[in-house]
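**Student:** Curious how this folds, go ahead:
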Amino acid sequence: MTISKRTLLALALLTLGLAIPAHAAGEDDLKVSRIRQESPDSGYLFFDITIITNGHPSCTALSATLISDAKKVAIAKFEIYRPNPLFSWAAFSRGTMIPLQPATWTITAVRCASGNRELNLNGAVAQIRIDRSEIVNAGNLVLDVSVLKKATFFTRAEIAEQAKIGEPSPDTVAAWRARAPETYATAKRRTFTIAHP
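**Tutor:** Numbers count the residues shown, from 1 in each chain. Next up, the predicted model:
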């Protein structure tokens, strides 16, 4: 039977009367601490967006615009992972964590990348309530996009979006746990409410 170095270290520290914390603070945990000092009412929202067409991922979310019921605007930027940046434009989102003041927030626009093109999806798709100092994991907002009319030289494409709630990918969850283990560990699960036209 082999024992890992971490287990041996934990045993040694316990013998000395010390203990290893359950979560070591990540880079985003330190940002949360700084923001909380300046704005103790601020809440935090973990979420991801997946954009699909005909059942397949078609566009990688780069950012989302959120507007509160008090007309405040926030821009959430997603962590993008490119597995083979030298040979492919393929990219995958690893979600985002954004500080938000207590309010009901609506996603009104999503900017995404499809290959080497960037697209903008406009229109209210979902909303969520953030209470004072609350940390929320809203999961994965899946936008199913249908092209009603292709773009021409003279006209823009016409598209329709249908939103639903899904689970974040294991890669996204692993990224949140790596970047903000302390904050993510205390997040409560509350999904978006889908906005209907």
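
**Student:** Show the contacting residues for Asp171.
**Tutor:** Tyr81, Phe92, Arg94 (Cβ atoms under 8 Å, 6 or more residues apart in numbering). For every residue, glycine as well, the C-beta is placed using N, CA and C.

**Student:** doesn't it fall inside a strand?
**Tutor:** No. Counting by DSSP: H, G, I helix; E, B strand; the rest coil, Asp171 is not found in a strand; it is helix.

**Student:** Please name the residues that touch Ala187.
**Tutor:** Going by Cβ under 8 Å, 6+ apart, Ala187 touches Tyr44, Phe46, Ile135, Val136, Asn137.

**Student:** what's the closest of the residues you listed to Gln101?
**Tutor:** Tyr44 (10.9 Å; Cβ to Cβ).

**Student:** what's the closest one sitting at in phi/psi?
**Tutor:** Per-residue torsions, Tyr44: phi -140, psi 140 (degrees, to the nearest 10).

**Student:** just checking, it touches Val32?
**Tutor:** Yes. Counting by Cβ atoms under 8 Å, Tyr44 touches Val32, with 6.5 Å between them.

**Student:** the more surrounded of the two?
**Tutor:** The neighbour count for Tyr44 versus Val32, taken as other Cβ atoms under 10 Å, is higher for Tyr44 (24 against 19).

**Student:** shared neighbours of Tyr44 and Val32, anything?
**Tutor:** Here Tyr44 and Val32 have Pro99, Thr183 as joint contacts, going by Cβ under 8 Å, 6+ apart.

**Student:** least trustworthy helix or strand in the protein by mean pLDDT?
**Tutor:** Across the helices and strands of the chain, mean pLDDT, DSSP states H and E gives its lowest value to helix 5-15, namely a mean of 38.

**Student:** State the mean pLDDT of whatever helix or strand comes next after that helix.
**Tutor:** Next helix or strand after helix 5-15 toward the C-terminus (DSSP states H and E): helix 27-38. What helix 27-38 shows for mean pLDDT is 85.

**Student:** Contacts for helix 27-38 next, please.
**Tutor:** So helix 27-38 is in contact with Ala25, Ser42, Tyr44, Met97, Pro99, Ser133, Arg179, Ala180, Pro181, Glu182, Thr183, going by Cβ under 8 Å, 6+ apart.
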